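Structure of the sequence below:
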Amino acid sequence: MKKASEILARVLDEKNRKLGQAYSSIFGTWSQIVGESLAEHSRIYEIANRNLFIEVDHPGWMQLLLMKKPHILRAVKRRYPDMEVKELRVKVNLSYSTTASEEAESRAEHNEGEVKTTGEQLKDLDRILSSVTEEQLRRRLRRLFLKSLEKENSDRG
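The predicted model follows:
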């Protein structure tokens, strides 16, 4: 017969393992929970005392996140019931915006190769964007144009 301490240790180890998996998993599924555009401007930075701590790169994104709070809490509870998250705590971190923007642009540039375009479309795009002097704006406009081509292609097919 096993001692109560052995049984309790086994149960707690199993619960901690499940919680550990949930904690690591939620960071990777954040974009599925809140949507791609909101995920590009927010991130979970801590989980403690049944609170999910999130930082955003602009007050406008904080407002959108708080408007979706009931939906987010339901999604988190459904996916990760063992975490028992009860509340979202959101703060604005303006220094996060630079990092978040760079990461989002990097992902978008990586995905550009997946958009089917003709050589002629790319030449037109480069010609049009050559007059834009600010590099960051030029990259964003290029990404927007390629995204619209992707949507147009998916609507046809």
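
so where does Asp126 fall, helix or strand?
Assigning secondary structure by DSSP states H and E places Asp126 in helix 119-129.

What average pLDDT does that helix get?
When pLDDT is averaged over helix 119-129, the result is 75.

Show me which positions of that helix end up buried.
Leu122, Leu125 (16 or more other C-beta atoms under 10 Å). All C-beta atoms are positioned from the backbone trio N, CA, C, and that covers glycine.

which other helices and strands contact it?
Other elements packing on helix 119-129 under the criterion 3 or more C-beta pairs under 8 Å, 6 or more residues apart in numbering; DSSP states H and E are helix 135-156.

now the strands for the chain?
42-48, 51-56, 87-92 (DSSP state E).

quick one: which of those strands is nearest Phe145?
strand 42-48 (25.5 Å; C-beta to C-beta).

hmm, back to that, hmm, who's touching the helix holding Asp126?
With contact meaning C-beta atoms under 8 Å, 6 or more residues apart in numbering, helix 119-129 is reached by Arg138, Leu141, Arg142, Phe145, Leu146, Leu149.

Distance of the residue nearest to the second one when sequence neighbours are not counted relative to Leu144?
Once flanking residues are discounted, Leu141 sits nearest to Leu129: 5.9 Å by C-beta to C-beta, 6 or more residues apart in numbering. From Leu129 over to Leu144 the distance is 11 Å, taken as C-beta to C-beta, to the nearest Å.

Next: Ile128.
In terms of C-beta to C-beta, Ile128 sits 12 Å off from Leu144.

between the contacts of helix 119-129, which is closest to Met67?
In terms of C-beta to C-beta, no member of those lies closer to Met67 than Leu141, at 28.2 Å.
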